[in-house]
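>>> Generate a structure from the sequence data that follows.
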Amino acid sequence: MRHVRRRSVLSTISLATIAPRVAFAQAPTPELKFTFGTSVEGGSFMIYALALLDALRTVDPSLEIASVPTKGTAENVPKLEAGELDVAMVSGEFAYELFMGIGRPVSKLKVVTAMYSTPGMFAVRADSRYRSIADLKGRPVVWNARGSGLAVQARYMLDGLGLDPDRDFQAIYPETLAEGPAMLIEGTAAALWGGGLRWPGFVEVASNPRGARFVVPNAQEIAAIRAKHSFLKPVVVPAGLYAGQYDAIETVGAWSYVLARDGLDDAAGYRLAADLYRIERVGTLSRQLTQSTVKNTLASLPSPDLLQPGVRRFYKDNGLLP
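Below is the predicted model:
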């Protein structure tokens, strides 16, 4: 598996300012430092983190972000709640449980920005006979690490169909992301569950000479899933995103977010929102950041009250929120 090139994401990164054209003047300009919880190498979160830090570097060099490598969402959430991180990436299903207080008290963590929607899909080998979720029942399926955002997403999707990943499949929970694609390619597993646009695991499988085919819920199954879990939104994977994928794929997915710890200074939240909007306005959103917009952030949230207070004030000051 080809890993993302390691850059300075694991060290402190100096990041600044171009001339504002909206009410950016209200954002503070002194040096400001953040700790940013990321993820493990080889996953979509790390790819996003690299792109985000690159973009921030171009607009705000007086902002310093110390990137903290973590095990992803499962580690980022408790570290945010303990105040050990200022901001961190959190997968959509975990964020939903935090916002709604499912299985725990409602969290005080707040949203800085939407990251991207994560379309959930199975990959199977192109030479296999599996073409539907029903075909995979009883078969060995890689769900990724137990408790990971991807595994939690699979559990919600399957629950909408009356299925359980452990009861109705031969569940495989590898220790590392790199193991899953290899197991599918070698034939140890019948399918690999994953999510995202250009998810590295899917890229590896699809680029292998054996090729890949993607299995998703059909229209009736999507309706059933959304009837039970409405936070899972319809998502379309554009054609040509993976080798051999000639048609668009319709499935469901959830939005992941950059969340801020409770008590993060409102001026800091305002500053981050201003930088992110500046990136959006000047057209420097890379392919990895194209969904990180104000519009998507507001549309994906159950309520604007979930915004970090400084972010919300920036939106109001610039006419982005009534």
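
>>> What ranges does the stretch 201-322 of the chain have for its strands?
For the stretch 201-322 of the chain, applying DSSP state E, counting those that start in this stretch gives strands covering 212-215, 233-237, 249-260.

>>> Ranking helices and strands of this structure by mean pLDDT, which lands last?
In the chain, no helix or strand scores lower on mean pLDDT, DSSP states H and E than strand 12-14, which sits at a mean of 36.

>>> thinking again about what came up before, nearest to residue 291, of the strands of the stretch 201-322 of the chain?
strand 249-260 (8.3 Å; Cβ to Cβ). C-beta coordinates here come from the backbone N, C-alpha and C atoms, glycine included.

>>> Name every strand pairing with that closest one and say which way it goes.
strand 87-90 (antiparallel), strand 110-125 (antiparallel), strand 233-237 (antiparallel) (DSSP bridges).

>>> quick one, what contacts the spatially closest residue to residue 269 that is not a sequence neighbour?
Leaving aside its sequence neighbours, residue 269 sits nearest to residue 310 (Cβ to Cβ, 6 or more residues apart in numbering; 2.6 Å). Contact analysis of residue 310 by Cβ atoms under 8 Å, 6 or more residues apart in numbering lists 264, 265, 266, 267, 268, 269, 270, 271, 272, 273.

>>> Over to residue 196?
Per Cβ under 8 Å, 6+ apart, neighbours of residue 196: 44, 116, 118, 119, 202.

>>> Give me the lowest-pLDDT entry from the residues you listed.
Within the set of these, pLDDT is lowest for residue 44 (76).

>>> give the contact list for that one.
116, 118, 195, 196, 198, 199, 200.

>>> Deepest-packed of the strands paired with strand 249-260, please.
strand 87-90 (a mean of 27; mean count of other Cβ atoms under 10 Å).

>>> following that one, which helix or strand shows up next?
Moving toward the C-terminus from strand 87-90, the next helix or strand (DSSP states H and E) is helix 92-100.

>>> isn't residue 112 right next to residue 271, touching?
No: under the criterion of Cβ atoms under 8 Å, residue 112 makes no contact with residue 271, lying 10.6 Å away.

>>> confidence score at residue 23?
45.

>>> try residue 11
36.

>>> Apart from its neighbours in sequence, what residue is nearest the residue positioned nearest the centre of the chain?
By Cα atoms, centre = their mean, the chain has its centre lying nearest to residue 256, at 3.9 Å. Spatially, and ignoring its direct neighbours in sequence, residue 256 is nearest to residue 115 (4.3 Å; Cβ to Cβ, 6+ apart).

>>> So the one you found sits against residue 254, correct?
No: using Cβ under 8 Å as the test, residue 115 is too far from residue 254 to be in contact (10.8 Å).

>>> Touching both of those two, which residues are there?
By Cβ under 8 Å, 6+ apart, no residue touches both residue 115 and residue 254.

>>> distance of residue 290 from residue 210?
Residue 290 is 30 Å from residue 210, where distance means Cβ to Cβ, to the nearest Å.

>>> returning to that earlier point: for the strands paired with strand 249-260, please prepare a markdown table with the additional fields distance to residue 53.
Formatted as a markdown table, the strands paired with strand 249-260 follow (distance: least, Cβ to Cβ, whole Å):
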| stretch | distance to residue 53 |
| --- | --- |
| strand 87-90 | 12 |
| strand 110-125 | 13 |
| strand 233-237 | 26 |
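
>>> the helices in the stretch 201-322 of the chain, which residues?
Secondary structure of the stretch 201-322 of the chain (DSSP state H, counting those that start in this stretch): helices at 219-228, 266-281, 294-300, 309-317.

>>> Just the endpoints, please. Distance across stretch 188-204?
Terminal residues of stretch 188-204 lie 16 Å apart, using Cα to Cα, to the nearest Å.

>>> before we move on, what about stretch 251-267?
OK, stretch 251-267 end separation, Cα to Cα: 39 Å.

>>> Ok, stretch 55-70 next?
21 Å.

>>> okay, now the domains of the chain?
8-117+256-317, 118-254 (automatic domain parsing).

>>> Worst mean pLDDT among the strands of the stretch 201-322 of the chain?
strand 233-237 (a mean of 91).

>>> who wins for proximity to residue 317 among the strands paired with strand 249-260?
strand 110-125 (16.1 Å).

>>> Give me the angle between the closest one and helix 219-228.
150 degrees (axes from the mean of the first three to the mean of the last three Cα atoms, to 10 degrees).
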